[in-house]
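[1] Here you go, sequence then predicted model.
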Amino acid sequence: MKKILIVGGVAGGASAAARLRRLDEHSEIIIFERGEHVSFANCGIPYYIGGVIKDKEDLLLQTPEGFRRRFNIDVRTLSEVLSINPEQKNVTVKNLVSGEIYCETYDKLILSPGAEPIRPPVSGIDSPYVFSIRTIADAAAIKSHVEKFRPKTAAIVGGGFIGVEMAENLSAAGLDVHIIELSEQVIAPLDIDMACDIHRYLRQRGVSLHLKNGLQKIEEQNGRLRLTLTNGALEADIAVLAIGVKPESGLAKEAGLELNSRGGIITDKHMRTSNPDIYAAGDATEATDFVTGQPVMVPLAGPANKQGRIAADNICGAALEYNGTQGSFAIKIFGMTAAATGVNEKIAKRLNLDYDKIFLWLQNHAAYYPDAKPISIKVIFEKQTGKILGAQLFGFGGADKRCDVFATAIRAGMNASGLSQLELCYAPPYSSAKDPVNMAGFVIENILAGRLAQFHWHDVDALPRDGSVILLDVRTARETANGCIGGFINIPLDDLRGRIGELDKTKPVYAHCQIGLRSYIAVRILMQNGFEAYSLSGGYRLYEAMKKNN
């Protein structure tokens, strides 16, 4: 019989504990959790604050008593592990209620301490009107304050997942919300050309964005906060810190375990650390990017749960491997969904990958069925092979569903041909006969076969306006009257064949429409009539969004 200790009882630790017991009925298993709750849904915390989840008890996935009854696992909450002694194979634990300090031996140890919110060294950060958000206690403190004092304005410092989710839920609670973000965009795993649509939508929903702006100082003035920013200042009744997280790896460091430069615990594919009797899982561990093979830190619940399970399997003798993360995520933003998987363009550029990209704007189901809504899609693919490297989506319905298909395609190593041949579920309320995922495959196939050449939103302003190239807008006259790109002549697509003689065949043609479909058809007409022609991927819609929503 083994004795297995687990430090941290949320995603990775709780998953490991339950799996251990299912595989081994006889070993002694003890979970140490510094907080008062174990196995709680921290991803649901913003929705409790916003009132979508009514009872905070609903965030508790399991309790110490439940673990004991169902799994015969000893869960010790409010118990902080102070140190690990690998030589003696024991840990020193402090009972935070009684103050008692004691030692507990182990045969195997799993570290799943998670990550802690970043608190910048800013004057005024300890004001009682400034809140962090990580635990159920944090959530209860914010909700209680909102209900008791009825603040009117909230400043959210950080535009990541939690920051944007808090913006939605504090708005639902009746507050005027501001997001302060140091970078040029919210939701960092997306590229800026996908985030721009989110910027527009957040502003439409009343959220003020302070991008490229850092927090410098917080002052209390007459029961309110004054936040001094890099550019300007902002007054608010409360502030919520959602800047990001850092791994809680102090125990691992003091125990001599190998860490990366960001403090992440380094493990092998079996989730074993540099000490063969100590495993690690979750937000505090370094992972491998499935697509690039590069080391990454991905503080997401999905990878944490899988890593905990794999650590348990290996402790029980099954040589299973964690084969990397794609960073797949979905986030609800008011009535819309953003989702992504695999590499984004920022990563592809940094790693000098030989990649290309496409932008699509497609309906989530058959256009003739009521309430069809658009999904904006960006796909990153390997230029020579068409292998899918990453996808990003944003839309009212079905974005998460399609992102899951892209995530599966990446894990399976599919290329464009694989996407185009996928037989996906179809009925008018749910999709189209040619699903948006199939359409992405078709477009990439056309590019690889030379049937389509593209240019992108960031190329438009640099195109010459001296007559050496033809800049062609194939939208209708009514569309161009509502907005156009300077220097482009208008020949509607349906008139192009009859007016093709007006164009000089010796000059390359750069064509655009609203979303990219008609300009693709125009390019096919032009190429088959001897022209060199290019289509603006994503069309005028994307170009305009980038101009107006950065």
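    Right, received. Where do you want to start?
[2] All the strands of the stretch 1-150 of the chain, in order from the start?
    Remark: strands assigned in the stretch 1-150 of the chain by DSSP state E, counting those that start in this stretch are 3-7, 28-33, 74-77, 79-85, 90-95, 101-105, 108-111, 115-117, 130-132.
[3] Out of the ones you listed, which is closest to Asp466?
    Nearest of the strands of the stretch 1-150 of the chain to Asp466, taken as C-beta to C-beta: strand 115-117 at 53.8 Å. C-beta coordinates here come from the backbone N, C-alpha and C atoms, glycine included.
[4] Check which helices and strands the closest one sits against.
    strand 245-247 (3 or more C-beta pairs under 8 Å, 6 or more residues apart in numbering; DSSP states H and E).
[5] What is the strand it packs on packed up against?
    Under the contact definition 3+ C-beta pairs under 8 Å, 6+ apart, strand 245-247 sits against strand 115-117.
[6] Okay, now the sheet partners of the strand it packs on, with direction.
    strand 245-247 (antiparallel) (DSSP bridges).
[7] continuing past the strand it pairs with, what's the next helix or strand?
    Using DSSP states H and E, the helix or strand that follows strand 245-247 in sequence is helix 250-254.
[8] re the thing from before, out of the strands of the stretch 1-150 of the chain, which one sits most buried?
    Highest mean neighbour count among the strands of the stretch 1-150 of the chain (mean count of other C-beta atoms under 10 Å): strand 108-111, with a mean of 27.
[9] That one - what's its average pLDDT?
    Mean pLDDT, strand 108-111: 98.
[10] With distance to Gly66 as added columns, please give the strands of the stretch 1-150 of the chain in a markdown table.
    Output for those, formatted as a markdown table (distance: least, C-beta to C-beta, whole Å):
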| stretch | distance to Gly66 |
| --- | --- |
| strand 3-7 | 16 |
| strand 28-33 | 12 |
| strand 74-77 | 9 |
| strand 79-85 | 17 |
| strand 90-95 | 21 |
| strand 101-105 | 22 |
| strand 108-111 | 20 |
| strand 115-117 | 25 |
| strand 130-132 | 27 |
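[11] Arg475: which of these is closest?
    Closest to Arg475 of these, according to C-beta to C-beta: strand 115-117, at 47.4 Å.
[12] Provide the contact partners of the closest one at residue level.
    Residues from elsewhere that reach strand 115-117, judged by C-beta atoms under 8 Å, 6 or more residues apart in numbering: 132-134, 241-248, 283-284, 299.
[13] picking up where we left off before, what's the least confident stretch among the strands of the stretch 1-150 of the chain?
    strand 115-117 (a mean of 89).
[14] before we move on, the earlier item: may I ask which of the contacts of strand 115-117 has the most neighbours?
    Using other C-beta atoms under 10 Å as the neighbour test, the contacts of strand 115-117 are led by Ala284, with 30 neighbours.
[15] Please report how far it lies from Asn260.
    To Asn260, Ala284 is 11 Å away according to C-beta to C-beta, to the nearest Å.
[16] which residues are common contacts for those two?
    Counting by C-beta under 8 Å, 6+ apart, no residue touches both Ala284 and Asn260.
[17] Cross-check the contact I'm expecting between Ala522 and Ala533.
    Yes - shown here, Ala522 and Ala533 form a contact pair, counting by C-beta atoms under 8 Å, at 7.3 Å.
[18] Find residues that contact each of these two.
    By C-beta under 8 Å, 6+ apart, the residues touching both Ala522 and Ala533 are Ala511.
[19] which of these two has more neighbours?
    Ala522 (26 against 23).
[20] tell me which element the more buried one falls in.
    Using DSSP H and E, Ala522 falls within helix 517-527.
[21] Output the below-cut-off pLDDT ranges for this structure.
    Along the chain, segments meeting pLDDT under 70 span 550.
[22] so who does Gly9 touch?
    Residues in contact with Gly9 (C-beta under 8 Å, 6+ apart) are Ala17, Ile31, Phe32, Glu33, Val38, Ser39, Val75, Thr77, Ser112.
[23] if we look at the sheet, which residues does Leu215 bridge to?
    Beta-bridge partners recorded for Leu215 (DSSP bridges): Leu229.
[24] can you start the count at 579 instead of 1 from here on
    I'll keep to 579 as the first residue from here, and by that count the last item is Leu793.
[25] so it makes contact with Val700?
    Yes - contact between Leu793 and Val700 holds when scored by C-beta under 8 Å: they sit 5.7 Å apart.
[26] Compare these two (neighbour count), which wins?
    Comparing Leu793 with Val700 by other C-beta under 10 Å, the one with more neighbours is Leu793, at 23 against 17.
[27] quick one: the more buried one and Lys831, what's the gap?
    For Leu793, the distance to Lys831 - C-beta to C-beta - is 28 Å.
[28] just Tyr1088 next, same as before
    According to C-beta to C-beta, Tyr1088 and Lys831 sit 55 Å apart.
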